[in-house]
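Let me see the structure of the following:
(4 chains, ligands or ions: 4)
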Amino acid sequence: MKGYSAFSLVGHALRGHRHWKPLWRNPKLKKSYDVVIIGAGGHGLSTAYYLAKKHGVRNVAVLEKGFLGGGNTGRNTQVTRSNYFWPQSAAFFDHSLKLYEKLGLDLNFNIMLSQRGVLTLAHSDHDLESLRRRANAIRINGIDSELLTPDDIKELVPLINLDARYPIHGGFIQRRAGISRHDAVAWGFARAADTHGVNIIQQCEVTGFDIADGKIRGVRTTLGDVAAGKVCIAVAGNTSVLAAMAGLRMPITSMALQAMVSEPVKPCLDTMLTSSAIHMYVSQSDRGEIVLGGRADAYTSYAQRGGIPTVEENVAALLELIPAFGSLRLMRQWAGITDITPDTTPIMGKTPMRNLYITGGWGTGGYKAIPAGGDTMAYTIANDEPHMLIADFGLERFERGALIDEGGASGVAH
Amino acid sequence: MLRIACPYCGTRDEVEFHWGGDAHVARPGPEVGDAEWSDYVFSRENTKGVQLERWCHVFGCGQWFNVARNTLTHEIHAVYRMGDAAPDPDR
Amino acid sequence: MADQIGSDVRIDRVTGLSIVSLKVSRNQLDSARKTLQLAKPLEVAGDDPRSLWLGPDRWLLVSDTVTADTVIVSCTRGLAGILHNAVDYSSGLAVLRVAGRRAPLLLATGTGIDLRPARFPAGTCCRTRLGQVATVIVSEAPDVFDLYVDRSYETYLTDWLAESASIYTSYAG
Amino acid sequence: MSQPFRTAQGGRIERSKPLLFTFNGEPMQGYAGDTLASAMLANGVRTVSRSFKFHRPRGIVSAGVEESGGLLAADYGCGLLPIVRATQLPLVDGVRAESQNCFPSLNFDLLRILDYTRSLWPAGFYNKVFKWPNWHAFEWAVRRTAGLGRLPERIGPLRCCHMNAHCDVLVVGAGPAGLAAALDAARAGDDVLLVEQDREPGGSLLHDPAEIDGQKPADWLRNAVDALQCSPNVSVMLSATAVGYYDCNVLTIHDRSAAYRRDEPVEVFWKVRAERVVLATGAIEQPLMFGNNDLPGIMLAGAMRQYAARYGVRCGQRIVGIVNNDLAWQSITALPAAGIEVAAIIDTRDSIDDALIDVARQAGIDVYPGSVPIAAGGSRAVRKLQFRDAQKHPRTIECDAIAMSGGMSPTIHLYSQAGGRLRYDEALACFVPQHCRQSVAVVGAANGEFAVPQTYNIGLRKPSPAKTGCQWIDFLHDVTASDIELACRENLRSVEHIKRYTTTGMAVDQGKTSNLNALTLLGDLTGRHVGDVGTTTFRPMFMPVTMAAIAGIRRGDLYAPAKRLPAHDWHAARGAEFEDYGGWDRPAYYGEDRDACIRRETLLVRESVGLFDASPLGKIEVKGPDAAEFLNRIYVNTVATLEQGRVRYGLMLDENGIIIDDGVFVRLAEDHFLVNTTSGHADRITAWLEEWHQCEWSDLDLVMNPVTSQWAVVTVAGPGARDVLSTLPGLIDLSTDRFAHMRFASGAFDDGTPYRIQRVSFTGEQSYELSVPAGFATEYFERIWQAGKAHGIGLFGAESLMILRLEKGFLHVGTDTDGSTNPLDVGFGRVVANKRTDFVGARSLQRDNDRRADRRQLIGFELGNARETVLAGAHVVTGRGAARRSEGFVTSACRSPTLGKTIGLALLERGHERNGEEIELFDQDRVVSARIVDACFYDPDGERMRG
Ligand SMILES: Cc1cc2nc3c(=O)[nH]c(=O)nc-3n(C[C@H](O)[C@H](O)[C@H](O)COP(=O)(O)OP(=O)(O)OC[C@H]3O[C@@H](n4cnc5c(N)ncnc54)[C@H](O)[C@@H]3O)c2cc1C
Ligand SMILES: NC(=O)c1ccc[n+]([C@@H]2O[C@H](COP(=O)([O-])OP(=O)(O)OC[C@H]3O[C@@H](n4cnc5c(N)ncnc54)[C@H](O)[C@@H]3O)[C@@H](O)[C@H]2O)c1
Ligand SMILES: Cc1cc2nc3c(=O)[nH]c(=O)nc-3n(C[C@H](O)[C@H](O)[C@H](O)COP(=O)(O)O)c2cc1C
Ligand SMILES: [Zn+2]
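Ligands and ions are numbered 1, 2, ... in the order given. Below is the predicted model:
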């Protein structure tokens, strides 16, 4: 992998930047692969990367119907945290955060992880009790979490309005949490996977599976059929669609989750702020835009756009917390299709169909999980047994009724 | 923003309604096995294309009804009352 | 309580109404509608008590002369043999009257329903969402609307109308 | 104060109405009818701000929404707002304008260093560096250099609201095309809404002298406007921009018509539902690519003509035109009339209509067909232009302004938002509308009709071959042609990758003047046809919208509705401290000192008698032959066996077997029930019951009527409860043998007021819930209050109630249960076992997982040490340090005033079989020990409750 560094940048600058290598190649689709991964989002790409890097499985293709990183990975609000309630979730997401902390150097690509802290607000004493419940759970899980008083919060966010319609009674913060650059994560993993020999094929849509005696043998695509030893579905909002091609029904609803940005201004918000009570979260990007989002538009949608009611909700909630933002202007709104599960916990691992694996159900919160998701899925695919960190995330948990209810436990799941 | 034609009140804004998921789901009896039961409780059609779904006009007449809506374009092809038969798809 | 915003719209509280909430079994709707001349969809019918259509099986019966009990009794008599439930709801709802040239515009700042006179003539009644809360809007006469809202929201809706009216007035001059 | 660049006469400005304003503190003068931009140009201002990334000087480029240079901070009464477009701001008296993004001053900006070291900061450089030790170490610096402008210090006087509207035809854009469309619709008798973002209608008619329908544009315009004003079914909105086009022909409009007033500025956010939409949004002129094409003084040709014709402003003394199309010739040849010297027109096309050339020559303009612009010269503003003529001779012309035109591009943003598909038109060299699902028509320039009746010839759009100076693509994000080349070289060739890697088109103008050049260049570089390259996705907002306008009046108390008790004021008068409980404003306690009050109220109920407002309790009447059967399917508990006049407690589950609500239900009559829900869930459970009846069991014959708000509920609890109530004339005999615990009765007081009374207890004391019509709430609270004085009655709030019920070990759904708690976990095993018939969620309780012994089950605990306390949210832990593990958590806890010790409830693994066990409670690293005890801490046999 051609090194990126201050020196190489200066060197290339002197030569007019005429000699930079492509981030990835455009290989031709081969007739067969050991592993075919459907979807070149963060999860598909990191799974491919770790398969090649850690498990020596290099004959891997990642098939992408559009452009790589163009799905939810390329349109999310970047919250990167591990303050989850249930031990299984906490262990998994903290593994992810730890990988994120080293990812820039590991991939030799700056993913701009900004550990500015994620602050969750409580708007009533009852809220505060459940935050305390969460904060303690997280601490016991070995993850940093601190309860804050309204004064502490005012100090962190001087612009905040403590006696809002839902007054701020306190909150808790995970200081190691923060945001990172969504596109860079996709591109960094793509570039690294490519250097390890992975074939990333863009503009190649999977349209069906080749199934014989209960086993997946390959996939049908818009560029022709491909034989595959193993296949992994990593398509987020389209999980149900792909699963249906293999005859599987999913406990998933695909909904449009919106995000929006203001015009960029000089730094005025240094932490990531979230509130489950009023369903809104906000941060300021490095470029200066105020980036906010909230609830999904509450009905099935595969159209990558949202309506106006949610925008009104989110903006009104934002101005309730930070009235000063009222004079900023909203520049753009967009949406991604999120695959939401009943317990807002992902669905990872093997499926009833042999050689078919799935990593989905990421819903509104799978960006922060990209490194760990890839790491554990790569293990699961390579060894045909679930990695211990995701043992409880399997599809079978629904039949058993063994849900991991993070939604109920932690409100907004971004 | 969706505009939905309530069969009782006429066309109203999305914000007056509550989305209720798949229509025409049969509730199995207590005798079924875990697999069948969880399929009923958790599995969703989640159709990409025309989906039959339930909506309730919570801010209006309070009635539940069914809608045939294209989840890709958000176009609404049919609205029909609870208990009415689903419209023929290739219409 | 009478709140005057400019000369173009005023908001008053209407008191002393007897209101009965009537629910009729889905199986016997037709006979019920006939015997009591209940309002058709999106309409107001009768004069005392008047019936306001809220849904296919639900009406409000409103009188400013007789008590709710009298209305209920006549219901029970009229609907003998028909499964129904008529309860006094006079205390459950607050009624606000919004009147004046700008009344429709004031309402339009908070509801998406089509209030153009042609589409919402006097005698129209519909339950909708106004300023975030469920409200029954009855068009009594051109530029005169009665709002029936859950009692617990009366203060909120009144404040909401006042604030909206004041902003709109300073906008439109 | 002179306006050196103002023409002697002409223009639509009111020279009789001078207005004063300041730019960077310097006083200047303009006229009513000016925009801030035209006024600044009239005063000879060239450089107005600095660019986003490299802090290069920026001047005014356009006369409209596409402005990429004239963005500054301006205070017109709403505080010093950042990123105000000078071309969009009507000049109002006293505007204070300041340059943006420059330090220490506009003319000397330290960060220009970034420009001189430009080659170190190509597109995506930050992905390659700043990785070690970590990004956070560099981030602060990068953040400070980024960002346009500052958040205003103070919050301005601006107020905002929404407006909803319906119409048959919504016409966007009041140029000739829009006006014509509006007139047609009006004649057809449709309700028409015509919106125009400019402050006057006319669009290109305001500066284009060409005749239209054989009339002078001004006359045509006047006639059109008069005709529209005469038709009652037409309304025209000015200074109103259509910003969003959503499903079902819903459009949003940002109405600034009242925004620029000093007193009471207002912005309105419209949501319009239209049967049909006509987009007459015109077209935006595109820049050309050549060296230093971003220098102040380089403007769009059409804009120069607009400034001359509409504002009487000369954009320079000696101008050179660089063009590739006929329309631009019209614009430039119109300038001399305004006393502007045009030195030359340089056209990249080889063959040009002779008529055009003649016009130019007559105006004394040199003409250079088939030429290639090389680069503009000048440091802070343009001084000269270098180009190569048809004979490939390098030439240089001195000038103080350049009028460029790369051709028109239709304003199809809204059309694309609507889901409209675009097609690249070879002849017009731009994207034009093709097909749309929604009912929308596109007319005029927006539809590619740039020059009716004349035809519109345009040459190839391509970057200058010469490498002198940077060729800027995105003037706002400082993206150059070489950035695009670099991205291609690094194989980011998809249009979406290019956008994200170079950030072209992502600035505050959303690429209005950069996207087309970027796409064209990308096509060239990757050997693709522009049409195949495609565009990026157009999304709302077409123009950025003030967030306060989007929020409307949803600020402060109006952000979300609060429910009020019928006797709210009565409680307030008695010192109630109100807090939000599930959407209701309820007394948390009465008095000053929170803890003292809560303690006092608790003991009061235990020792004498307390009064509590329980009005929010959900009340739903269920009536009909199948009512019992229906409720039997809803509740975990058996309903059928309940006798008339009796009350029973019940749990409701969802289909996954999780507890969603609890409360008592009453059998009023054989076929008539009253269901009580928790206060916070009244609406949700009403909907829940309706859903099951309408969607699943519509065969069951019953009717439901929610009566929550009709009945106010006065809870009287404590040893003296009966004595107090018995004083109410007309109430039934309350003696226990007549009216035992869990009984219900109804009647009327002597004054005729109807009442309902049920003897149920959430406090563990003798307790009655008396319901009277909400209209009588205050009266009856007062009466009982007076009657109770003799018995030492007092008020108690929600907080002490929570303690009272905790001492009693009563469950509070949502506090002591969460998204995973089933009835077995809270000790309802026997009830479930005894239920013979199916009910909602029953089947889920059969799953092994729901019967596991090691589930988290509800238990009671007390602290050994009388002085210790613990808070809800603490966890029950085993092990130390890294080995520490949570076995569950405390759901409720308090220091019991009655028992003088700290007690609580917890959801604990295998809790039910661990009675008596010692446990450790962990809260933010503090650990206390406790003992598991029976969950009922007070009066276990319930004598006080039943007595
Ligand atoms: C607005 C928004 C905000 C969010 N905010 C956060 C946040 O703050 N923090 C957080 O952790 N998470 C957040 N999320 C969730 C997060 O973005 C996703 O969970 C995560 O990106 C999922 O990654 P993925 O690789 O599984 O899916 P994607 O990135 O969507 O990749 C799936 C890919 O599969 C491709 N594909 C689909 N069908 C096919 C097919 N048939 N053939 C070939 N390819 C196909 C798609 O084109 C897509 O590129 C947010 C999501 C959205 C939409
Ligand atoms: N004498 C003539 O024959 C003559 C003169 C002028 C124009 N024309 C023809 O008319 C056409 C140009 O006129 P046109 O009406 O198509 O374009 P136009 O530029 O004249 O008018 C477009 C109008 O739409 C407004 N607008 C754009 N987006 C908007 C939005 N989102 N919200 C609100 N307003 C918005 C603009 O401010 C502008 O006023 C061309 O065909 C031209 O040849 C002919
Ligand atoms: C964190 C974040 C910040 C963004 N900032 C900007 C921005 O400054 N300008 C802009 O035009 N779009 C911005 N976008 C939105 C993208 O332009 C784009 O809308 C989004 O990635 C979805 O892609 P699509 O609109 O092409 O479907 C941002 C997106 C994200 C996730
Ligand atoms: Zn309805």
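
Nearest to chain B: which residue in chain C?
At 3.4 Å from chain B, C:Gly55 is the closest residue in chain C, using C-beta to the nearest C-beta. Where C-beta positions appear, they are placed from N, C-alpha and C, glycine not excepted.

tally of neighbours for that residue?
The burial count assigned to C:Gly55 is 17, neighbours taken as other C-beta atoms under 10 Å in any protein chain shown.

same question, A:Leu328
Other residues near A:Leu328 come to 27 when the count uses other C-beta under 10 Å.

pretty sure it is touching A:Met260, no?
No. Under the criterion of C-beta atoms under 8 Å, A:Leu328 lies out of contact with A:Met260, with a separation of 11.4 Å.

what helix or strand is the most centrally placed residue in chain B on?
The C-alpha lying nearest the average C-alpha coordinate of chain B belongs to B:Glu53 (C-alpha atoms, centre = their mean; 1.7 Å). In this structure, B:Glu53 is located in strand B:50-56 according to DSSP states H and E.

Pretty sure D:Arg805 sits in a helix.
Yes. Assessed with DSSP: H, G, I helix; E, B strand; the rest coil, D:Arg805 lies in a helix.

tell me the contacts of residue 306?
Looking at chain A here, since you left the chain open. Listed by C-beta atoms under 8 Å, 6 or more residues apart in numbering or on different chains, the contact partners of A:Gly306 are A:256-258, A:297, A:333-335.

ah, I was thinking of chain D
By C-beta under 8 Å, 6+ apart, the residues touching D:Gln306 are D:63, D:206-207.

for A:Leu9, same thing?
Listed by C-beta under 8 Å, 6+ apart, the contact set of A:Leu9 reads D:120, D:125, D:128-129.

ok, residues contacting the longest strand along chain C?
As far as residue count goes, and with DSSP state E defining each element, the longest strand of chain C is strand C:133-141. With contact meaning C-beta under 8 Å, 6+ apart, strand C:133-141 is reached by B:58-59, C:44, C:52, C:54, C:60, C:97, C:107, C:111, C:113, C:120-130, C:145-150, C:153, C:156-157, D:561.

Ligand 3 next: which of those are close?
Of the entries in the contacts of strand C:133-141, not a single one is placed beside ligand 3 under the rule of C-beta under 6 Å from any ligand atom.

Tell me the buried residues within the residues you listed.
Buried by 16 or more other C-beta atoms under 10 Å in any protein chain shown: B:58-59, C:44, C:52, C:54, C:60, C:97, C:107, C:111, C:113, C:120, C:124-130, C:145-150, C:153, C:156-157, D:561, out of the contacts of strand C:133-141.

quick one: which of the residues you listed sit in helices?
Judged by DSSP state H, the subset of those located in helices is C:107, C:156-157.

Which one of those is nearest to D:Ile365?
For D:Ile365, the closest of those turns out to be C:Leu107, at 59.8 Å, with distances computed as C-beta to C-beta.

So for that closest one, what's the pLDDT?
In this model, C:Leu107 is scored at 98, pLDDT.

rewinding a little: any idea how far the helix or strand following the strand holding B:Glu53 is from the chain center?
Sequence order places strand B:64-70 as the next helix or strand after strand B:50-56, per DSSP H and E. Counting by C-alpha atoms, centre = their mean, to the nearest Å, strand B:64-70 is centred 4 Å from the centre of its parent chain.

Touching strand B:64-70 from outside, list them.
Contacts of strand B:64-70 from elsewhere in the structure, counted by C-beta under 8 Å, 6+ apart, are B:4, B:6-8, B:20, B:23-24, B:49-57, B:75-82, B:84, B:86-87, B:89, D:690-691, D:694-695.

about what we covered before: can you narrow the contacts of strand C:133-141 to ones near ligand 4?
The residues of the contacts of strand C:133-141 that also fall near ligand 4, by C-beta under 5 Å from the ion, amount to none at all.

Wait, D:Gly747 touches D:Leu734, no?
No. Taking contacts as C-beta under 8 Å, D:Gly747 lies outside contact range of D:Leu734: 12.0 Å.

more crowded one of these two?
Counted by other C-beta under 10 Å, D:Gly747 and D:Leu734 do not tie: D:Leu734 has more neighbours, with 19 against 12.

Report pLDDT for the spatially closest residue to that one that is not a sequence neighbour.
Counting by C-beta to C-beta, 6 or more residues apart in numbering or on different chains, D:Arg722 is the residue found nearest to D:Leu734 once chain neighbours are left out, at 4.9 Å. Listed pLDDT for D:Arg722 reads 98.

Could you do D:Pro465 as well?
Listed pLDDT for D:Pro465 reads 85.

my read: it touches D:Val372, true?
Yes. Under the criterion of C-beta under 8 Å, D:Pro465 lies in contact with D:Val372, with a separation of 6.7 Å.

More neighbours: which of these two?
Relative neighbour count places D:Val372 above the other of D:Pro465 and D:Val372, with 20 against 9, counting by other C-beta under 10 Å.
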